[in-house]
Structure formats: structure tokens, C-alpha cells
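Quick check, what structure comes out for this input:
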Amino acid sequence: MQISIDISKTLRSGERTFQLDARFESAAQRVVVYGPSGAGKSQMMKALAGLMTPDAGRIALAGRVLFDAATGVNVPARERNVAYLFQDYALFPHLNVRQNIGFGLQRGWRNPHAGADGDAINYWLQAFELEQVAHQFPHQLSGGQRQRVALARALAPQPSALLLDEPFAALDPGLRERMRAELDALQRRLAIPMLIITHDAEDVRVFGEHVLHMEQGRIAQEKPA
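Below you'll find the predicted structure:
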């Protein structure tokens with residue numbers, strides 16, 4: 001994954017101010033951004049995904065400029081071809097598993113019908129062993145199943161990179177270990193570049209091909225691939 005980020009952003013909440021000044025480059029397939037809560041990891045990830053606009057700087061991914069304040073480039077989030085897995089998975093509660101996966105495969109905001117079919121949806125249902133729960137809704141699923149659905153929905157459109165925000169934080173320790181192993185195997189099988197943000201040292205050990213340590217809005221230390 002060829003990624004280059006050099007951005008700055010002043011964030012304000014009431015009387016509080018937070019300064020994000022993030023700069024790094026990487027050609028690794030697995031980049032882990034490690035640091036405490038409040039370090040600015042999620043804000044940097046949102047800028048890469050197009051969910052937050054920096055005040056200044058430049059972002060490039062796989063040779064494509066996604067944001068450049070100097071030239072006025074700011075590719076909309078829906079056109080960046082990156083998959084963002086939120087910490088809470090952000091599944092649509094009114095859609096079943098099949099519909100949630102199918103949502104990323106169509107244009108616009110029309111919900112896929114309840115019996116949504118198609119080779120791509122069936123492929124991901126099988127890949128994540130979700131066939132038996134295809135017609136269930138998010139509230140009927142276990143934590144591991146919800147994560148699998150979120151990953152399937154993110155990967156179905158065949159993105160150029162996978163962005164994961166604290167992907168195991170909501171899971172209990174036993175399930176966290178299992179899902180970590182599943183993601184490890186999945187990434188190796190699909191060879192999709194991914195960037196993970198975490199405060200868990202075990203995530204760093206398993207996925208840390210290129211590790212960036214973030215503190216107070218800046219990359220304080222890095223261990224290149």
C-alpha cells in the first residue's frame with residue numbers, strides 16, 4: 001500500500017482545542033497506528049476516508065491524490081474506494097445480514113430488498129460463514145457475527161484499502177483473539193492493504209508490519225516495515 005499523509009487540522013470542542021499534525025509515508029501492506037485514546041488516531045483515519053477535511057496538507061493513496069489543500073483537490077468519501085470499519089461496526093439495524101452486505105454493492109441510498117441475492121453477496125456470506133444468519137438482523141447476532149457482517153459489507157465493493165478503527169475493542173478477550181486470527185488470515189488471503197488504529201499492544205504484535213506511535217496529534221515514533 002503506497003500511502004502518504006501530511007495534514008494539519010485544528011479541532012475545537014467548547015473551549016478545548018486539539019491540534020492534529022500527522023505526517024507519514026508507507027509502502028507496507030499492514031500499517032498499525034498505535035497510541036492512547038485521544039491521540040488523534042481516529043481523526044487521521046477519518047481524514048484518509050474523506051469523513052473529515054483537513055485545514056491544510058495532502059493525502060495520497062496508491063498513487064492517487066485524495067486531498068490536496070494547495071490545489072483544491074478533495075475527493076468525496078464515496079469516490080475514494082476505501083472501506084472504513086467503524087469501532088461499533090455501524091450496521092443498519094433495519095436491514096438483515098444479506099441486505100447489509102448488499103448495501104455497499106449498489107449506488108444511491110435505496111435499501112436492498114429483504115431477499116437480496118447475487119453472486120457477490122453469496123460469496124461473502126460463504127467467506128464469513130454467515131449463510132445460516134443471512135436473514136437475521138444485527139440485534140440477533142453475536143459480537144463476532146456483527147463484526148463479520150461489517151467486514152463483508154466493507155469488502156464487497158472490492159476497495160483499494162481497508163481502514164479499521166479499534167476493530168476488536170468491543171469484543172470480550174476470547175472472541176477478540178479469535179477475530180484477530182480471522183482477520184489476519186483474511187488479509188493474507190485477499191492481499192488487501194489495511195491500516196489499523198488501536199491502543200492494544202496485541203494488535204501491534206499481530207498486524208504491525210509498519211508501526212506508527214501517535215501522541216497528542218503527532219506521529220511520535222515509527223517502526224518501518
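
Could you tell me how many residues sit around the residue lying closest to residue 143 once chain neighbours are set aside?
Nearest non-adjacent residue to residue 143, counting by CB to CB, 6 or more residues apart in numbering: residue 171, 5.2 Å away. Quick note: C-beta positions are derived from backbone N, CA and C, even for glycine. Neighbourhood size, residue 171 [other CB atoms under 10 Å]: 18.

Which strand or helix spans residue 171?
Using DSSP states H and E, residue 171 is not contained in any helix or strand.

check contacts around it.
The contact partners of residue 171, by CB atoms under 8 Å, 6 or more residues apart in numbering, come to 143, 144, 147, 179.

what's the answer for residue 37, then?
Counting by CB under 8 Å, 6+ apart, residue 37 has contacts residue 199.

how does it look with 6 Å?
Contact analysis of residue 37 by CB atoms under 6 Å, 6 or more residues apart in numbering lists nothing.

Ok, residue 77 next?
Per CB under 6 Å, 6+ apart, neighbours of residue 77: 49, 50, 51.

now the residues you listed as CSV including distance to residue 128, pLDDT and neighbour count?
Listed next are the contacts of residue 77 as CSV, based on distance: CB to CB, whole Å; pLDDT from 0 to 100; neighbours: other CB atoms under 10 Å:
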residue, distance to residue 128, pLDDT, neighbour count
49, 22, 94, 19
50, 26, 96, 19
51, 25, 94, 15
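
Mark which of the contacts of residue 171 are buried, thanks.
144, 147, 179 (16 or more other CB atoms under 10 Å).

How much space separates the spatially closest residue to the second one that is not a sequence neighbour from residue 170?
If you skip the residues right next to it in sequence, residue 147 has residue 179 as its closest partner in space, 5.8 Å away by CB to CB, 6+ apart. Separation of residue 179 from residue 170 (CB to CB, to the nearest Å): 10 Å.
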